[in-house]
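Q: Mind looking at a prediction? Sequence and model below.
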Amino acid sequence: MTDGAGGAPPGAGKVVRIGDREVLTHGVERRFFGDLYHYCMIAPWPLFFLGFAATFCAANLMFAGLYSAGEAPIANARPGSFEDLFYFSIETLATVGYGDMHPQTRYGHVIATVEIFTGMLLIAVMTGLVFARFSRPRARVMFADAPIIGVHDGERTLMLRMANQRYNMIAGATAKLWLTRMERTREGGRMRRVRELSLERAENPMFALSWTIFHKIDAVSPLHGADAAALAGAEASFVVTFTGLDESSGQPLHARRGYTHEDLRIGHQYVDILTSDAQGRTHIDYNKFHDSRAEAAPDEKGAAP
């Protein structure tokens, strides 16, 4: 992404959320019905059911109006009663058919046939969407609130901690860490570049409790020589991605977390969350998962006190 010399495009634009960022888009029209499945999959559960209930009521109101256009199309419905036609429409659309009201004219049978077909389609679509939403694998991976830069094994290192909140095994867990920042091109423009940060151990064969990934900031690291001011000037941000196989369900898992340069804690170490008791049992304290402490300043001999 490069800087435009002409500034922002004209017009207010449309605000969309991509991950944790808000972006104003111009020139592309988003059509709700053209991507209805996507919206149904990302909508919160309350909004999803509310939308379906609204569609269900609107369809029944429409068919009740069609029935009312005929001459006594439904037997045992009170003359001029839109309410009776509405409830008959619900029974028909849901394929219930109590039997006290039924079509008695050709017009009524035609509308009821169309409504039954519509009801079968709605039930099939709703069943498929609910199944797709329930069956979609979701990783319960918790990421630390902030990545840290501190000393690890005698070297300056970028560290990020993760934890599995399901207390089961995730096989073949893989993590990747990316740095995005604004850089100058040879032509003098600015472009946001994405650079992968090499990890000391990018794979974990059995991820069960906690896992900390390490990127050593050596001479070839994109973070070499960068301090807080340099990261802020480059509008740096970090993205960590996680993939693995849930052994309980046999489904692949994916998770992602983004951080800005303001989230980074420099000169810190994570607080230890794993301890052992006298019986040899491991304790993990998630209350301290996001906590870090400042590193001790080196003494005059160069060693930490």
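A: All right, it came through fine. Residues are numbered from 1 along each chain as shown.

Q: all contacts plus neighbour counts: C-alpha atoms, from now on.
A: Fine.

Q: can you pull out the strands in the stretch 51-200 of the chain?
A: 74-75, 102-103, 141-143, 148-152, 155-164, 170-184, 190-197 (DSSP state E, counting those that start in this stretch).

Q: Can you list the helices and strands that the fifth one packs against?
A: By that I understand strand 155-164. strand 141-143, strand 148-152, strand 210-216 (3 or more C-alpha pairs under 8 Å, 6 or more residues apart in numbering; DSSP states H and E).

Q: how about JSON lines for those strands, with mean neighbour count and mean pLDDT added?
A: Output for the helices and strands packed on strand 155-164, formatted as JSON lines (neighbours: other C-alpha atoms under 10 Å; pLDDT from 0 to 100):
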{"stretch": "strand 141-143", "mean neighbour count": "20", "mean pLDDT": "93"}
{"stretch": "strand 148-152", "mean neighbour count": "20", "mean pLDDT": "95"}
{"stretch": "strand 210-216", "mean neighbour count": "19", "mean pLDDT": "95"}
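
Q: Any chance of JSON lines for these, columns distance to residue 162?
A: Below are the helices and strands packed on strand 155-164 laid out as JSON lines (distance: least, C-alpha to C-alpha, whole Å):
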{"stretch": "strand 141-143", "distance to residue 162": "5"}
{"stretch": "strand 148-152", "distance to residue 162": "13"}
{"stretch": "strand 210-216", "distance to residue 162": "5"}
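
Q: Poorly predicted segments of the stretch 151-300 of the chain, please.
A: 297-300 (pLDDT under 70).

Q: of all the strands of the stretch 51-200 of the chain, which lies closest to residue 68?
A: Residue 68 lies closest to strand 74-75 among those, at 9.3 Å (C-alpha to C-alpha).

Q: Give me the mean pLDDT for that closest one.
A: For strand 74-75, the mean pLDDT works out to 94.

Q: could we number from 499 for the rest of this?
A: Understood, numbering begins at 499; the last thing we discussed is strand 572-573.

Q: Distance from the chain centre to that strand, please.
A: Here the centre of mass of C-alpha atoms in strand 572-573, compared against the chain's by C-alpha atoms, centre = their mean, to the nearest Å, lies 49 Å away.

Q: Same list (the strands of the stretch 549-698 of the chain) but as TSV, adding distance to residue 780.
A: Formatted as TSV, the strands of the stretch 549-698 of the chain follow (distance: least, C-alpha to C-alpha, whole Å):
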stretch	distance to residue 780
strand 572-573	71
strand 600-601	68
strand 639-641	19
strand 646-650	23
strand 653-662	15
strand 668-682	19
strand 688-695	31
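
Q: for these, which one sits closest to residue 579?
A: Across the strands of the stretch 549-698 of the chain, closest to residue 579 is strand 572-573 (C-alpha to C-alpha), at 10.8 Å.

Q: related to what we said a few turns ago, how about the helices and strands packed on strand 653-662, which one is nearest residue 527?
A: Checked against C-alpha to C-alpha, the stretch from the helices and strands packed on strand 653-662 lying closest is strand 639-641, at 34.6 Å.

Q: Parallel or antiparallel, list what pairs with the closest one.
A: Strand pairing for strand 639-641, using DSSP bridges, gives strand 653-662 (antiparallel).

Q: what angle separates the partner strand from strand 708-714?
A: Interaxial angle of strand 653-662 relative to strand 708-714 (axes from the mean of the first three to the mean of the last three C-alpha atoms, to 10 degrees): 150 degrees.

Q: From the rest of the structure, what touches strand 653-662?
A: Residues from elsewhere that reach strand 653-662, judged by C-alpha atoms under 8 Å, 6 or more residues apart in numbering: 638-642, 644-649, 705-716.
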